[in-house]
Structures are given as structure tokens and as C-alpha cells.
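Chemist: Here's a sequence, model it:
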Amino acid sequence: MGFFDKLFGKKEKETLNEGLSKTKESFFGKLAKAVVGKSTVDADVLDNLEEVLISGDVGVSTTLKIITRIEDRIAKDKYVSTSELNSVLKEEVAALLTENNSTDTVSFEIPKDKKPYVIMVVGVNGVGKTTTIGKLSHQFKKAGYSVVLGAADTFRAAAVEQLTIWSQRVGVDIVSQGMNADPASVAFDTLSSAKAKNADIVIIDTAGRLHNKINLMNELTKIKTVMKKVIPDAPHDVLLVLDASTGQNAIEQCRQFTAATDVTSLALTKLDGTAKGGVVIGISDEFKIPVKYIGVGEKMDDLQVFNRTEFVDSLFSTN
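Modeler: Numbering: from 1, shown residues only. This is a model prediction of the structure:
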């Protein structure tokens, strides 16, 4: 067991390996075909590799960046065999994630000087936003923090009900005014309640309507403005939840939300149910926003902190 296994946890590592298995099987199956009959990485192999990366939802611009890096490696080393391609790819993807602010976080921690630490969660309906909030609350509570949820997605009655169920399941407090309430008012009450209770963390759910970006922008701005009346530097984190299984659509959603508000971190859900795990690399590279959490299973503990070392290791391991 290596250093990161001790920190990250053997069970978490096994879950991550299993969660990325579909992406890995698809990727390596295509990669094997890309190099068949070749001993060295030449122009044909690179063309095939480009196809493999794009079809794996890494994205065009990120794929071209990776191909250029490999070309530079070939020019520098004079020779790269096809058997070395996996390790070269692994190194270049790891380097990209490092450059794009992704961290080697190993636990659910918040800054000690922010109390309560306020997380505003954004994302369209259906991406697993409310479930992610529930699982995140569970992980924070397990880490010893007290959590208060704010049901500010008041556009859908189901969202309020679902968040209430999660609060009961996890055993954390929730502030709710029901459907059609003013989201900013819910946020104000949640922060006031958390402050009075001396809670460690506040997680505010918000509506994810993208059909009118101006309305979305106005609503999120209003929520933030009202929060600052209670806690001047809130929110401390604007977490965008994306469904990894939607591939390029997740990248488009990220583009829309980053245009509407200042997104500071990302959570990618449903990685276990898709072969499109490459989207993590593409989104991180294109938007330079750190991926903070990934969903790799249905269980309560299957939301993990994103650790670039472990992610790349699981994705490219040959066993």
C-alpha cells in the first residue's frame, strides 16, 4: 500500500477504480486498436489517438493540446514506442490537471477561518445536484462538521421535498419555505439560522433553469447579495454540479453557468455509469476551474474528493 493509499483510503481507491472501469475499458479498447501493428508512435498512431481522445469526451481543444505535448516528447526523445504510449499519456494528463488547479485533496475539509463556510450549489435539474448535496452533507458530518441545508430551489416542489428527505436521512438541519418561496429569502434565513447555531457549514441548493440565462444570472446574483448581508464574504464556494455521463453537454452547461455566475469549483456525478470519464480532463482544462468532488457510485460514501493523482492512476492503471 502506497503513501496515497494510506491517505486516500484503500476502500475509496477500490471504489474509484470500479467507478472508472467503464471509461477505462472503452478507452484502452480503442487505444489498443489505434496502435495495432505499430511499434513506434508515428503520425498514423497520433491521428488514431486523437480520435480515441475526442470520442472519449476529452474535448477537441484539450485533445489537440495532449497530442501536441506527445509530439514534443517524441521530438525530444527521438523515439517513443507504442508500449510506452500509455505511460506518456498518463504523465501528460497528470501535468494538465496540475496546471488546471486540480489538487491532491484526500479528505473533506474546509478552511478553519470561515465559519460558517457557505457553499452555493448550482446546476441544471437531473444532474444529481440534490443527491450530491445530500452525500456531501453526509461526508462533512462524518468528518465532524455541523451542517445546515438551505432549500432555495423553490421552482420545483420535488427539489424541496428531496432535499428535506436527504436532511432527515443524513441527520442535518434544513431551512425551507416550500415551493415558490423567494430563493434569496430562503438563503438569508438559512445563513441567519446557521450563524445562530454556530454551524460549521451551510449548503444552499439553487434552481437550475438555463432556458433564460439573464433570469438565472439575476437570481443567483440576488441570492449572493442577500447572503452578504448576513456573512459579508459569502458564498465561499460556488459549486457547479455536472453529469459526467452527458459528455460534451456537460461542457456546454459549464460554459453557460460560468457565464452566468462566478463558479469556483466543480462536482462531476455519475462517473460509474458512463464511459465518458474523459470529460473530467476536458472540463478541467477548458475552464481552469478545480474539480473538487466526483460521484463514483450510488452509495452515500461514493461521493469522493477529487484527487488528481488517484484519478489518473485509476484511469491509466493496466491491472
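
Chemist: can we go C-alpha only for contacts and neighbour counts from here?
Modeler: Fine.

Chemist: Residue 293 touches residue 268, doesn't it?
Modeler: Yes: applying C-alpha atoms under 8 Å as the test, residue 293 and residue 268 come out as touching, 6.5 Å apart.

Chemist: of the two, who's got more company?
Modeler: residue 268 (28 against 22; other C-alpha atoms under 10 Å).

Chemist: distance of the more buried one from residue 139?
Modeler: The gap separating residue 268 from residue 139 is 16 Å, by C-alpha to C-alpha, to the nearest Å.

Chemist: In the stretch 51-200 of the chain, where is pLDDT below threshold?
Modeler: 100-106 (pLDDT under 70).

Chemist: Reduced to three states, what does residue 110 come out as?
Modeler: On the three-state scheme (DSSP: H, G, I helix; E, B strand; the rest coil), residue 110 is labelled coil.

Chemist: Please apply the same query to residue 193.
Modeler: Here residue 193 takes the helix state, with states given by three-state DSSP.

Chemist: what's the neighbour count on it?
Modeler: If you count neighbours by other C-alpha under 10 Å, residue 193 ends up with 18.

Chemist: start the count at 58, not 1, going forward
Modeler: Got it, first residue is 58 now, which makes that one residue 250.

Chemist: Enumerate every residue touching it.
Modeler: By C-alpha atoms under 8 Å, 6 or more residues apart in numbering, the contact set of residue 250 is residue 232.

Chemist: Residue 217 versus that one, what's the distance?
Modeler: 18 Å.

Chemist: doesn't residue 350 fall inside a helix?
Modeler: No: Residue 350 sits outside any helix when classified using three-state DSSP, being strand.

Chemist: Tell me the pLDDT of it.
Modeler: pLDDT for residue 350: 93.

Chemist: So in terms of bridging, what pairs with it?
Modeler: residue 324, residue 362 (DSSP bridges).

Chemist: List the contacts of it.
Modeler: 323-325, 360-363 are the contacts of residue 350 under C-alpha under 8 Å, 6+ apart.

Chemist: mind redoing it with 10 Å?
Modeler: Listed by C-alpha atoms under 10 Å, 6 or more residues apart in numbering, the contact partners of residue 350 are 162, 165, 189, 193, 296, 298, 322-326, 360-364.
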